[in-house]
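Visitor: Here is my input; please provide its structure:
(chains A and B)
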Protein chains: 2
Amino acid sequence: MTYCLGITTKDGFVVASDSRSNAGYDQVNVCRKMHLFEQPGERVFVAMTSGSLSCSQSIVTLLRKDFGIGAGLAAAESMYDAARAVGEQVRRVSDLDRRSLEQDGLKVNVHVILAGQIRGQPHDLYMIYPQGNPLRSTEESPFLQIGECKYGRPILDRGVRFEHTSLEDAARYALISIDSTLRSNVTVGPPIDLLVYGRDELHLDRRRRFLDRDPDLIAIHTQWEQALRLAVQAIPRVNFEPETSM
Amino acid sequence: MTYCLGITTKDGFVVASDSRSNAGYDQVNVCRKMHLFEQPGERVFVAMTSGSLSCSQSIVTLLRKDFGIGAGLAAAESMYDAARAVGEQVRRVSDLDRRSLEQDGLKVNVHVILAGQIRGQPHDLYMIYPQGNPLRSTEESPFLQIGECKYGRPILDRGVRFEHTSLEDAARYALISIDSTLRSNVTVGPPIDLLVYGRDELHLDRRRRFLDRDPDLIAIHTQWEQALRLAVQAIPRVNFEPETSM
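Guide: Residues are numbered from 1 along each chain as shown, chains lettered A, B, ... in the order given. Take a look at the predicted model:
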């Protein structure tokens, strides 16, 4: 399984991903799911993938090949076009592999999150479905998730706001969301990749890889659990009223 | 959808359930999913169900009928036997309805949580699968969930401990877990039923139904969101190191 998320705010975006790949319980590997495409000062993109590692790799390989020759993401005129460029490669790999996979009961199921900015235009955050069609994040729904989404969602629902959440806080929310998912699902695992991008920076240098047992990540995890326990205990005692209808 | 959970600790148990029943988005109803079986001073049981409302109702009706004539839950010699008595009715309804449901592509999918105590024996918490087999909670896994489990799980994983969590705190965890699920999934909804049972009480009178817009529940929700935001902001700032391998 996989868990990747992107948060967009008025100040920029934060993306984070786990690194566990597994085909069944006995074939567990580490692989990076965050892929950077950068022309410093001109355009930057981060793509994260969930689903079949083989299909995901193919999509990234094709995107990388296009980018190297000034096509695809390198030529997109807008973030919408960039999301469409990713969708094209999703569809291409689907065309290449779907028939063979389906005859063995396997599915083409790659989701992609694409965050980025092209000079002179606003930064933006998209998800691309396995069918290749893009979905844009909005001010009302300022985060997108792929893979094992549910464990890490409540904390984002509670706290992330496009207008009011600082990038620093968004990075904290992203780490807590991933940490919650790690805690509840063994098929999501470290290292954790985190990248913070401030609007109009047009380079991708604020990034960090948290290895297993990273002391900073352990500190966040421990402090968070302690804070939650205290917050629970601070909640008013539940009053019970006589009730006869039950 | 449904969300029900049970938490067991050395001091007793807490159970909570939502009340939304929906068959598709346009047929949303309120129904109680928490069912009490009580012989005060002798034995007490709480059963909660997820899955097809029709099958769940049948199971509860059959359990109720047996209980009224001193059979089933009324005759079980242990909590294990009680869980088996529930499993028998789950299997009976499966036998009655499976063929007709499956010919229209529907599944027999009722899960039951059973909490209770028989005089002179420890209190206990079980889940009964749609196939009728029981699963017991343990000191290492002191909570069980049915229905839409994932949103409400991280807070339980973080905080609930069999030895150390007080019943009052367990009630708070249960409400927060349900509130998190309500927040993230519209198919789980109020009223919320909550019941707290202290070891050896042998009656079920600490219970509460929170209606939609219940002021206490709103206070908990608001205080919790504020506490989470402050806890996030208290987490150390993430340091970024130069990284070149990406």
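Visitor: Kindly tell me how buried residue A:223 is, as a neighbour count.
Guide: If you count neighbours by other CB atoms under 10 Å in any protein chain shown, residue A:223 ends up with 14. Where you see a C-beta, it was placed from the backbone N, CA and C, and this is true even at glycine.
Visitor: so the host helix or strand of it versus helix B:215-234, what angle?
Guide: Here residue A:223, judged by DSSP states H and E, is contained in helix A:215-234. Between helix A:215-234 and helix B:215-234, the angle comes out at 160 degrees (axes from the mean of the first three to the mean of the last three CA atoms, to 10 degrees).
Visitor: for helix A:215-234, packing partners?
Guide: helix A:167-184, helix B:153-159, helix B:167-184, helix B:215-234 (3 or more CB pairs under 8 Å, 6 or more residues apart in numbering or on different chains; DSSP states H and E).
Visitor: could you point out which element follows the lowest-mean-pLDDT helix or strand in chain A?
Guide: Across the helices and strands of chain A, the lowest-confidence element by mean pLDDT, DSSP states H and E is strand A:28-30, at a mean of 70. Moving toward the C-terminus from strand A:28-30, the next helix or strand (DSSP H and E) is strand A:34-39.
Visitor: So which elements touch that next one?
Guide: Contact here means 3+ CB pairs under 8 Å, 6+ apart; on that basis strand A:34-39 packs against strand A:12-17, strand A:43-50, helix A:53-68, strand A:192-198.
Visitor: And these: which comes nearest residue B:143?
Guide: strand A:192-198 (26.4 Å; CB to CB).
Visitor: Please save the CA atoms from that closest one in CSV.
Guide: Written as CSV, here are the backbone C-alpha positions of strand A:192-198 (Å, rounded to 0.1, in the frame of the first residue of the first chain):
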residue,chain,number,x,y,z
ILE,A,192,8.9,9.5,4.6
ASP,A,193,9.6,12.2,1.9
LEU,A,194,8.5,15.7,2.7
LEU,A,195,8.7,18.8,0.4
VAL,A,196,7.6,22.3,1.2
TYR,A,197,7.3,24.8,-1.6
GLY,A,198,6.6,28.5,-1.2
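Visitor: So is stretch A:113-125 next to chain B?
Guide: No - Stretch A:113-125 stays clear of chain B (CB under 8 Å from any CB of the partner chain), getting no nearer than 14.4 Å.
Visitor: mind listing what's buried in that stretch?
Guide: For stretch A:113-125, burial by neighbour count (16 or more other CB atoms under 10 Å in any protein chain shown) applies to A:113-118, A:123-125.
Visitor: How about stretch A:178-186?
Guide: A:178-185.
Visitor: If we check chain B, which of these are in contact?
Guide: Residues of these in contact with chain B (CB under 8 Å from any CB): A:180-181, A:183-184.
Visitor: coming back round to it: so which of the helices and strands packed on strand A:34-39 comes closest to chain B?
Guide: strand A:192-198 (6.8 Å; CB to the nearest CB).
Visitor: low-scoring pLDDT stretches of chain A, where are they?
Guide: A:22-28, A:241-246 (pLDDT under 70).
Visitor: I'd say residue A:17 and residue A:31 touch.
Guide: No - contact criterion CB atoms under 8 Å: residue A:17 and residue A:31 do not qualify, at 10.1 Å.
Visitor: Tell me which of the two has more neighbours.
Guide: Using other CB under 10 Å as the criterion, residue A:17 and residue A:31 rank with residue A:17 on top: 28 against 13.
Visitor: before we move on, back to that, will you turn the buried residues of stretch A:178-186 into JSON lines that also has distance to residue B:194?
Guide: Below are those laid out as JSON lines (distance: CB to CB, whole Å):
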{"residue": "A:178", "distance to residue B:194": "31"}
{"residue": "A:179", "distance to residue B:194": "28"}
{"residue": "A:180", "distance to residue B:194": "24"}
{"residue": "A:181", "distance to residue B:194": "27"}
{"residue": "A:182", "distance to residue B:194": "29"}
{"residue": "A:183", "distance to residue B:194": "25"}
{"residue": "A:184", "distance to residue B:194": "23"}
{"residue": "A:185", "distance to residue B:194": "27"}
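Visitor: Can you tell me which of the residues you listed is nearest residue B:64?
Guide: Distances from residue B:64 to these, taken by CB to CB, are shortest for residue A:184, at 35.1 Å.
Visitor: Next, the buried residues of the top helix by length along chain A.
Guide: Ranked by residue count and defined by DSSP state H, the top helix of chain A is helix A:79-102. For helix A:79-102, the buried set under the neighbour-count rule, 16+ other CB under 10 Å, comprises A:79, A:82-91, A:93-94, A:97-98, A:101.
Visitor: centroid residue for chain A?
Guide: residue A:5 (2.3 Å; CA atoms, centre = their mean).
Visitor: Next up, identify which helix or strand the nearest residue to that residue once chain neighbours are set aside is on.
Guide: Excluding its sequence neighbours, the residue lying closest to residue A:5 (CB to CB, 6 or more residues apart in numbering or on different chains) is residue A:145, at 4.6 Å. Assigned by DSSP H and E, residue A:145 belongs to strand A:143-147.
Visitor: That strand pairs with which strands?
Guide: Its sheet considered, strand A:143-147 pairs with strand A:3-9 (antiparallel) by DSSP bridges.
Visitor: got the angle for the partner strand vs strand A:34-39?
Guide: Going by the same axes, to 10 degrees, strand A:3-9 makes 40 degrees with strand A:34-39.
Visitor: now strand A:3-9, how far from the centre of its chain.
Guide: 5 Å (CA atoms, centre = their mean, to the nearest Å).
Visitor: now stretch A:111-130
Guide: Worked out by CA atoms, centre = their mean, stretch A:111-130 lies 11 Å from the chain centre.
Visitor: Between the two ends of that stretch, how far is it?
Guide: Distance across stretch A:111-130, first residue to last, is 5 Å (CA to CA, to the nearest Å).
Visitor: Turn the ones next to chain B among the buried residues of stretch A:178-186 into JSON lines, including distance to residue B:152.
Guide: Output for these, formatted as JSON lines (distance: CB to CB, whole Å):
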{"residue": "A:180", "distance to residue B:152": "11"}
{"residue": "A:181", "distance to residue B:152": "14"}
{"residue": "A:183", "distance to residue B:152": "13"}
{"residue": "A:184", "distance to residue B:152": "10"}
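Visitor: ok, those residues vs residue B:40, which is closest?
Guide: residue A:184 (37.9 Å).
Visitor: which residues sit in contact with residue A:62?
Guide: A:72, A:89, A:92-93 (CB atoms under 8 Å, 6 or more residues apart in numbering or on different chains).
Visitor: and those as TSV, adding distance to residue B:201?
Guide: Below are the contacts of residue A:62 laid out as TSV (distance: CB to CB, whole Å):
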residue	distance to residue B:201
A:72	67
A:89	62
A:92	65
A:93	60
